[in-house]
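In: Generate coordinates for the sequence data below:
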Amino acid sequence: MERRTIGAGALAVGAVGLGCMPMSWAYSTSRQRGEESLRAVHRALDLGSSLLDTADMYGPFTNELLVGRALKERRSDAFVSTKVGLLVGDQHIVANGRPGYVKRACDASLRRLQTDVIDLYQLHRADPEVPVEETWGAMAELVHAGKVRALGLCAVGARSSRRGGARLHDATIRQLERVQQVFPVSAVQAELSVWSPEALEALLPWCETRGVGFLAAMPLGNGFLTGRLRPGAGFEADDLRARHPRFTAEMMAANQPIVAGLRRVARRHGPGVTPAQVALAWVLAQGRHVVPVPGAKQERWVTENASAAALRLDSADLREVAELPPAQGSWD
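Out: Below is the predicted model:
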């Protein structure tokens with residue numbers, strides 16, 4: 001697989017990563033099977049999808065434990081990315097950016113992941129009660145201690161929290177400008193997909209001009225852009241999409257023209273090409289510093305996603321995707 005680099009340290013990873021969250025958290029518990037997911041991780045590593053993206057809050061903790069089982073056998077094949085800063089409680093999630101907590105959380109992640117070093121340690125969310133510089137400073141100390149190789153920041157998110165007239169990622173860029181004064185940012189993780197392209201406006205250019213890698217979260221639109229979700233089919237109660245405004249039967253039906261457009265492009269590239277691969281190839285085409293991190297928990301989807309690294313969209317393809325109708329429905 002093609003290799004791409006993250007940050008000024010030129011950390012090399014496969015062009016398509018693997019989001020491990022669905023294996024343990026947020027999607028259909030009844031379909032989460034540890035051994036099947038473990039095989040999917042090994043398949044990703046076999047194909048060169050070396051970036052494994054997890055977080056201590058996924059599960060919580062169980063996702064890191066799962067990834068750790070694979071790392072115990074194949075640490076040299078993997079680029080490990082995990083996150084800190086969010087705690088999962090009973091029906092709520094809270095931020096914790098206190099320096100002491102960050103250091104304890106890192107040690108705990110290292111134990112669960114069965115490794116001596118984390119390749120990319122990401123701040124999941126800034127704690128509103130702690131200056132982000134203090135949290136970032138504690139993370140930088142972990143780099144100096146040899147426990148972490150590079151630092152990343154996850155986008156603030158929450159479109160509903162924007163101030164009047166502000167762009168979606170303005171708050172994230174303000175955080176980035178602040179933490180850059182403390183220690184270099186190697187990567188930013190934010191949503192980027194055909195139906196959620198807002199990062200193209202300001203956040204992606206910010207990263208490109210500063211040599212910062214961009215990890216594209218949800219590049220398949222939580223599964224919608226694969227074309228395999230049927231409007232009205234419903235989701236299990238614990239699936240985050242069951243309460244998501246864009247995944248109501250009405251909105252899924254309204255957004256079918258986006259999937260239809262991806263299918264048209266896919267057909268031009270051959271009978272075996274899928275809408276999901278076109279969606280990932282579109283993300284890859286947004287810059288050499290961009291690495292999509294699609295979530296998957298089965299070998300067949302890992303294989304399909306990895307194959308997108310070899311798909312090259314021409315100018316006509318990119319123009320057709322750009323002309324697809326914008327997604328309907330709130331994303332919050």
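In: pLDDT weak spots in the stretch 51-200 of the chain?
Out: 157-165 (pLDDT under 70).
In: could you measure residue 85 against residue 97, distance?
Out: From residue 85 across to residue 97, the span is 6 Å (Cβ to Cβ, to the nearest Å). Every residue, glycine included, has its C-beta placed from N, CA and C.
In: Sketch out the helices for this protein, chain order is fine.
Out: Secondary structure of the chain (DSSP state H): helices located at 34-47, 62-74, 99-113, 132-144, 170-180, 203-209, 249-254, 256-268, 275-284, 299-307, 315-322.
In: now the closest residue to residue 232 other than its chain neighbours: how far from residue 234?
Out: Among residues not flanking residue 232 along the chain, residue 249 sits closest, at 3.9 Å (Cβ to Cβ, 6 or more residues apart in numbering). Computed as Cβ to Cβ, the residue 249 to residue 234 distance reads 8 Å.
In: what's residue 200 in contact with, if anything?
Out: Each residue near residue 200 by Cβ atoms under 8 Å, 6 or more residues apart in numbering is listed here: 192, 286.
In: Correction: the previous question concerned residue 232.
Out: Contacts of residue 232 by Cβ under 8 Å, 6+ apart are 249, 252-253.
In: What count of nearby residues applies to the nearest residue to residue 7 once chain neighbours are set aside?
Out: Closest residue to residue 7 apart from its sequence neighbours, by Cβ to Cβ, 6+ apart: residue 186 at 2.9 Å. As a burial measure, residue 186 scores 25 neighbours (other Cβ atoms under 10 Å).
In: go on, residue 18?
Out: Quick note: residue 18 (other Cβ under 10 Å) scores 30 neighbours.
In: what do you get for residue 325?
Out: 11.
In: Let me see the confidence value for it.
Out: With respect to pLDDT, residue 325 scores 96.
In: Just the pLDDT at the nearest residue to it once chain neighbours are set aside, thanks.
Out: Distance criterion Cβ to Cβ, 6+ apart; nearest residue to residue 325, sequence neighbours excluded, is residue 257 at 5.4 Å. pLDDT recorded at residue 257 is 97.
In: With the one 3 residues further on instead?
Out: Looking at residue 260, its pLDDT stands at 98.
In: can you pull the contacts of the residue nearest to the spatial centre of the chain?
Out: The geometric centre of the chain, computed from its C-alpha atoms, lies nearest to residue 217 (Cα atoms, centre = their mean), at 2.8 Å. By Cβ under 8 Å, 6+ apart, the contact list for residue 217 reads 19, 154, 189-192, 293.
In: Distance of it relative to residue 293?
Out: 6 Å.
In: where do the contact lists of the two overlap?
Out: 19, 189.
In: still on that earlier bit, any of the contacts of residue 232 buried? List them.
Out: Neighbour-count burial (16 or more other Cβ atoms under 10 Å) applied to those gives residue 252.
In: JSON lines for the contacts of residue 232, including pLDDT and distance to residue 322?
Out: Output for the contacts of residue 232, formatted as JSON lines (pLDDT from 0 to 100; distance: Cβ to Cβ, whole Å):
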{"residue": "249", "pLDDT": "93", "distance to residue 322": "28"}
{"residue": "252", "pLDDT": "94", "distance to residue 322": "22"}
{"residue": "253", "pLDDT": "95", "distance to residue 322": "23"}
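In: now, which of the contacts of residue 232 sits nearest residue 306?
Out: residue 252 (26.6 Å; Cβ to Cβ).
In: so what's that closest one closest to, chain neighbours aside?
Out: Nearest to residue 252 is residue 231, by Cβ to Cβ, 6+ apart, at 3.9 Å.
In: can you check residue 18 too?
Out: Nearest residue to residue 18 in three dimensions, chain neighbours excluded: residue 44, at 4.3 Å (Cβ to Cβ, 6+ apart).
In: pLDDT score for that neighbour?
Out: 98.
In: What's the local residue count around it?
Out: With other Cβ under 10 Å as criterion, residue 44 counts 27.
In: Check whether it really touches residue 300, as I assumed.
Out: No - with contact defined as Cβ atoms under 8 Å, residue 44 does not count as touching residue 300 (11.9 Å).
In: Tell me how many other residues crowd the residue nearest to residue 180 when sequence neighbours are not counted.
Out: Sequence neighbours aside, residue 210 is the residue nearest to residue 180 in space, at 7.7 Å (criterion: Cβ to Cβ, 6+ apart). Neighbours of residue 210 under the rule other Cβ under 10 Å: 15.
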